[in-house]
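S.K.: Structure for the following, please:
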Amino acid sequence: MHCLLHNITNIVFHTQVKFILMNSFSTSDDTKEHLLQQHADLLSESDWELVQNKSPKIDANTMQPVTYPPAPDMEWCPPGHGDLYPAMLGSGILQRLVDGGITYLFVSNSDNLGATLDLKMLEYFANSGAAFLMEVCVHGSVYVTGGWVGDWWVGG
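M.R.: Down below sits the predicted model:
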């Protein structure tokens with residue numbers, strides 16, 4: 001996280017770019033502690049954090065939500081990156097961004113420290129009239145973690 005925050009602080013404080021970290025209920029406190037020690041200035045930004053929703057853990061045998069009275073927090077899990085838009089909508093952050101004049105959203109997983117906003121891609125997107133644009137790459141057989149991009153074949 002230190003590398004990510006080091007790279008983003010110059011952008012956030014010298015432009016109108018908003019920086020929002022998506023956390024889960026299990027990572028939020030650690031993130032706040034790190035920010036207080038290393039980048040307390042980011043905590044003064046409005047909406048610096050988007051906390052994911054919670055999804056119940058499901059028992060594979062009964063298909064019912066798991067209960068664990070000794071530690072109820074263990075009954076829940078973060079839903080992952082797919083929760084980005086529902087969490088933004090439900091938290092009100094999406095509306096506040098729109099109301100604040102934000103037109104475009106660049107999303108990158110923090111473990112992809114090489115991700116940068118390509119202005120040529122932004123220009124293409126802005127001129128295309130598309131509602132969504134995603135840059136993807138082909139992963140080799142050694143890449144076994146993370147999400148996947150699915151193809152939806154219509155008519156063949």
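
S.K.: Would you agree Ser55 is in contact with Pro78?
M.R.: Yes - counting by CB atoms under 8 Å, Ser55 touches Pro78, with 7.1 Å between them. Just so you know, the C-beta spots here come from the backbone N, C-alpha and C atoms, and that holds for glycine as well.

S.K.: If you count surrounding residues, which of those two has more?
M.R.: Pro78 (18 against 13; other CB atoms under 10 Å).

S.K.: Check what pLDDT the more buried one gets.
M.R.: Pro78 carries a pLDDT value of 85.

S.K.: Could I get the phi/psi values of Asp29?
M.R.: phi -60, psi -40 (degrees, to the nearest 10).

S.K.: Now do the end-to-end distance for stretch 18-33.
M.R.: Taking CA to CA, to the nearest Å, stretch 18-33 runs 21 Å from one end to the other.

S.K.: Other residues contacting that stretch?
M.R.: Stretch 18-33 is contacted by residues 1, 8, 11-12, 42-43, 45, 47-52, 54, 73, 76, 78, 81, 84, 87, 93, 97, 100, 102, 110 when judged by CB atoms under 8 Å, 6 or more residues apart in numbering.
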